[in-house]
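*Asks:* Got a predicted structure here, sequence first:
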Amino acid sequence: MKSVASAPGKVILFGEHFVVYGVKAILCSINKRVKVTSITTEEDSIYIKSNLGNITISRSKSLDEIKSPFLPFLYLAKTLLDKFDKKGGIEVTIESAIPSGVGLGSSSACCVAAAASISGLFTKYSKKEILKFAIEAEKTIFENTSGADCTVCTFGGIIEYDKENGSKKIDSPSNFHFVISNSNIPHSTNSVVDKVNHYKEKNELVFSSLCKEETELIKKAVQYLKESDLGSLGKILTKNQEYLEKIGVSNNKLRKMIEIANQTSYGSKITGAGLGGCIISLVNEAKLDQTLENLEHKNFECFSAKIDSKGLDTF
Ligand code: MEV
């Protein structure tokens, strides 16, 4: 028995970090995907294969003893085998075109595609049910996740998201062109989120006023997205970057990349946890090549991206 699923990576347009504390965020999925193939096996073991390495465990092994970036997939395989009362094991193959550990949702897309692919061996769950498993799986390595990344990787398109009310699609008539530039400084989302928590605890008043400002920015962002007002949207992307600077998730390399990208784009900011990872710029199509050239000229890795409207796909 074989089951295949694929899910897109993502960028956060507005609201990373603040979303962990209940503020709304705006995210969109991008046209870079991960594909997960699962097959049932006779042996009582779980085997995960990916371009980042492999792991095999016996089904009887407790997950509490395992320290591995593959823990979410082991969790999904074990939980779903047990839930459907199946004998034997599962082999899971992950093939990803999303750069990992740089804020583009590779881990969340893998959790979503793996939840769909593994559960697809036994049943046909709705996207909502798959999302629930994907978030549970992600929590095995990132306890405080807001769930925003898995949500956009599941439903695709542009969404507004908050922890309490979940997600709502934003319909925008625009054909957005993004330039994503990778600082190639890997980061752990978990530890950057912890660092922001530390900042919040020491600066409660500043943090709460930033949350209010971010909320106002996001109201404007929804309106500009609907009106396709890219100029105004770019300006508030850059405004959002100021808030990210204040909470301490930027660094010199990211600032340099933003400065270069801003010469030919509507606006730019860090996307995802920060302190490494990527920046995103909203660009006019006519200036796309120039923006890429300027960044490449300074030896910054970059590529263009478009919105993926499909989200999770199963085969
Ligand atoms: C990471 O892509 C986004 C953060 O806001 C964490 C989260 O939402 O779980 C930093």
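*Replies:* Looks like it arrived, so ask away. Numbers count the residues shown, from 1 in each chain.
*Asks:* For the rest of this, base every contact and every neighbour count on C-alpha atoms.
*Replies:* Fine.
*Asks:* how many neighbours does K239 have?
*Replies:* If you count neighbours by other C-alpha atoms under 10 Å, K239 ends up with 18.
*Asks:* Tell me which residues of the helix or strand hosting it come out buried.
*Replies:* Here K239 is covered by helix 230-246, with elements defined by DSSP states H and E. Burial within helix 230-246, assessed by neighbour count using 16 or more other C-alpha atoms under 10 Å, is assigned to L230, L233, G234, I236, L237, T238, K239, N240, Q241, Y243, L244, E245.
*Asks:* got it, and stretch 86-106?
*Replies:* Quick answer for stretch 86-106 (16+ other C-alpha under 10 Å): 89-96, 98-106.
*Asks:* Against the ligand, how distant is H187?
*Replies:* 10 Å (C-alpha to the nearest ligand atom, to the nearest Å).
*Asks:* right, I mislabeled it, should have said P8
*Replies:* P8 is 14 Å from the ligand, by C-alpha to the nearest ligand atom.
*Asks:* hang on, the earlier thing: what does the average pLDDT come to for the helix holding K239?
*Replies:* For helix 230-246, mean pLDDT is 97.
*Asks:* swap in stretch 95-112?
*Replies:* Rounded mean pLDDT across stretch 95-112 is 95.
*Asks:* Give me the distance between the two termini of that stretch.
*Replies:* Criterion C-alpha to C-alpha, to the nearest Å; first-to-last residue distance in stretch 95-112 is 13 Å.
*Asks:* That stretch near the ligand anywhere?
*Replies:* Yes - using C-alpha under 6 Å from any ligand atom, stretch 95-112 reaches the ligand at G103.
*Asks:* Next up, phi/psi of the spatially closest residue to E296 that is not a sequence neighbour, please.
*Replies:* Excluding its sequence neighbours, the residue lying closest to E296 (C-alpha to C-alpha, 6 or more residues apart in numbering) is C302, at 6.9 Å. Dihedral pair for C302: phi -150, psi 160, per degrees, to the nearest 10.
*Asks:* what bridges to C302?
*Replies:* S181 (DSSP bridges).
*Asks:* State the distance from it to I260.
*Replies:* Taken as C-alpha to C-alpha, the span from C302 to I260 is 12 Å.
*Asks:* Mind checking which of those two has more residues around it?
*Replies:* C302 (21 against 17).
*Asks:* That one touches I180, doesn't it?
*Replies:* Yes - when contacts are counted by C-alpha atoms under 8 Å, C302 is listed as touching I180 (5.5 Å).
*Asks:* before we move on, the earlier item: of the buried residues of helix 230-246, closest to the ligand?
*Replies:* Nearest to the ligand out of these is L244 (C-alpha to the nearest ligand atom; 10.4 Å).
*Asks:* Quick check: chain neighbours aside, which residue is closest to that closest one?
*Replies:* Per C-alpha to C-alpha, 6+ apart, closest to L244 is S250, 6.8 Å.
*Asks:* The one you found contacts A273, doesn't it?
*Replies:* No - using C-alpha under 8 Å, S250 makes no contact with A273, being 9.4 Å away.
*Asks:* what about the two, which has more around it?
*Replies:* Using other C-alpha under 10 Å as the criterion, S250 and A273 rank with A273 on top: 26 against 20.
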